[in-house]
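>>> Following is a predicted model, sequence given first.
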Amino acid sequence: MLSHGDDMLSHGYLRGGTHAWLTYTYSMLAIPFPGSDQLVATLDRALRQGPGVDDVTDTIRRELCRLMRDDTVQLPACVFEPNQAHYARRELYRSESYGYAVTAMTWAPGQSAPIHDHHGLWCVEGVWHGALEITQYELIEHASDRYRLNAMGTIEAGTGSAGSLIPPHEYHAIGNPSRRETAVSLHVYSAPMTRCSVFVPTDGSWYRRDEKQLSLDRVN
């Protein structure tokens, strides 16, 4: 489900190397960075106010906008380094107490992710640098691994905006429309996202669902 705030765009956004599994433990930062303590404290506070998913994601969305606007959090330099082979996923933090995971994604010019879901996880994502083009899809019907999806519109989310995706309204495609500038986004998932479904076009609005295992890029 898309959630909305006071200053919103149509999709619920607020303005405001190589694959390698990481081996650090829960409730541990992958790498220290300025403002990480405040980021974690802010997310923990939002989770404590639960159990309503709408309230939790609305709070995280607003707080991400605030943190991006006042430069309180400065993400580590590695998340601004694109991987030319694929968009990069770098997990920065996992919480043992609340179960959520924070992942930075780096999008070289033109890189994108196809239509996919979040494997039943809610997510709040903020555009930290650059801009991202996001197309939301609605599920019309499905039979076995054949899914009929309808595109609901495409928006360009700029730096400082944040949005949320709540199952079952989680189908979307995302990419960096720029030919020159790298984009960076920060994603807060309700749990570590290790797999998802991707949807391959077959005929008209019909797609084939394939399951994809997700890997992480090294944080250094």
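Nice, thanks for sending it over.

>>> didn't His118 look like it was pressed against Ile166?
No. Contact criterion CB atoms under 8 Å: His118 and Ile166 do not qualify, at 9.2 Å. Every C-beta, even on glycine, is put in place using the N, C-alpha and C of the backbone.

>>> Arg62 - that's part of a helix, no?
Yes. Assessed with DSSP: H, G, I helix; E, B strand; the rest coil, Arg62 lies in a helix.

>>> count of residues packed around the nearest residue to Gln84 once chain neighbours are set aside?
Excluding its sequence neighbours, the residue lying closest to Gln84 (CB to CB, 6 or more residues apart in numbering) is Ala108, at 5.8 Å. Neighbour count for Ala108, taken as other CB atoms under 10 Å: 18.

>>> For Glu138, the count of nearby residues, please.
12.

>>> Work out for me the element it sits within.
Following DSSP states H and E, the helix or strand that holds Glu138 is strand 131-143.

>>> Repeat that for Met68.
helix 53-69.

>>> Check the offset of that helix from the chain's centre.
Centroid displacement of helix 53-69 relative to its chain, using CA atoms, centre = their mean, to the nearest Å, is 13 Å.

>>> Spatially central, which residue of this structure would that be?
Central residue of the chain (CA atoms, centre = their mean): His187, 3.6 Å from the mean position.

>>> Any idea which helix or strand in the protein has the lowest mean pLDDT?
In the chain, the helix or strand scored least confidently by mean pLDDT, DSSP states H and E is strand 28-29, which has a mean of 84.

>>> so what strands line up beside that one?
Strand pairing for strand 28-29, using DSSP bridges, gives strand 88-94 (antiparallel).

>>> could I get the partner strand in PDB with only the CA atoms?
Presented in PDB, the C-alpha positions along strand 88-94 are these (Å, rounded to 0.1, in the frame of the first residue of the first chain):
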ATOM      1  CA  ALA A  88      25.100  -2.100  -6.200                       C
ATOM      2  CA  ARG A  89      23.400  -3.200  -3.000                       C
ATOM      3  CA  ARG A  90      25.400  -2.500   0.200                       C
ATOM      4  CA  GLU A  91      23.900  -3.500   3.500                       C
ATOM      5  CA  LEU A  92      24.900  -0.900   6.100                       C
ATOM      6  CA  TYR A  93      23.000  -2.100   9.200                       C
ATOM      7  CA  ARG A  94      20.800  -4.900  10.600                       C
END
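
>>> I'm done for today, thanks for sticking with me.
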